[in-house]
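Engineer: what follows is a predicted protein model with its sequence.
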Amino acid sequence: MATYAVNTAAVAHARKLIKTRQYVLDSDWGEVQPNAEAENAYLEKHSWEDYGSWFLGLTEGANDETKARHAFVYGDLRRVHRSGLIACVYRAAEWRHKDVELAAHDLLQRLDEVSG
């Protein structure tokens, strides 16, 4: 099973988006999460660093500047989605990636606090 480190740059990016109210509170994550085509289009116009800021987990041992390096997407590459954070909490908890689970949970609590 893969192991993951928390992507502190992604956590900081999510916090900034939440602070500036760049979020969606009600969405169907299965419909809005970025697919491979959306990710490829994003990478055509942005750096790998920018791309990585949308993923709360970094796959240990995976090469930098690869999609395999990034896990636990929390937004649509524009805004944070509450449903995306919930999915991250759930998936990380399911597979016992505690650090990623706690980071996603903290962001979810922050979002709920800000959005009232």
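Structural biologist: Cool, the structure landed. Numbers count the residues shown, from 1 in each chain.
Engineer: need the contact list for the closest residue to L111 other than its chain neighbours.
Structural biologist: Spatial nearest neighbour of L111, excluding adjacent residues (CB to CB, 6 or more residues apart in numbering): I18 at 5.2 Å. The C-beta positions use only the backbone N, C-alpha and C, and glycine is treated the same way. For I18, the contacting residues are 80, 107, 110-111, 114, by CB atoms under 8 Å, 6 or more residues apart in numbering.
Engineer: rerun that using 7 Å as the cut-off
Structural biologist: Each residue near I18 by CB atoms under 7 Å, 6 or more residues apart in numbering is listed here: 80, 110-111, 114.
Engineer: which of those are buried?
Structural biologist: Applying 16 or more other CB atoms under 10 Å to these, the neighbour count classes 80, 110-111 as buried.
Engineer: which ones among the residues you listed map onto strands?
Structural biologist: Residues of the buried ones among the contacts of I18 located in strands (DSSP state E): V80.
Engineer: just curious, which of the buried ones among the contacts of I18 is nearest to D50?
Structural biologist: Set against D50, the nearest of the buried ones among the contacts of I18 by CB to CB is V80 (15.0 Å).
Engineer: identify the bridge partners of the closest one.
Structural biologist: Taking DSSP bridges as the rule, V80 bridges to Y23, G75.
Engineer: so for the one helix or strand the residue nearest to L111 maps to, mean pLDDT?
Structural biologist: Take DSSP states H and E as the rule and I18 turns out to sit in helix 8-19. Across helix 8-19, the average pLDDT comes to 98.
Engineer: buried stuff in that helix?
Structural biologist: Of the residues in helix 8-19, 10-11, 13-15, 17-18 count as buried by neighbour count, 16+ other CB under 10 Å.
Engineer: how about stretch 24-34?
Structural biologist: 24, 27, 29, 33-34.
Engineer: still on that earlier bit, let me have the buried ones among the contacts of I18 in a markdown table, extended by pLDDT.
Structural biologist: As requested, the buried ones among the contacts of I18 are exported to a markdown table (pLDDT from 0 to 100):
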| residue | pLDDT |
| --- | --- |
| V80 | 98 |
| R110 | 98 |
| L111 | 98 |
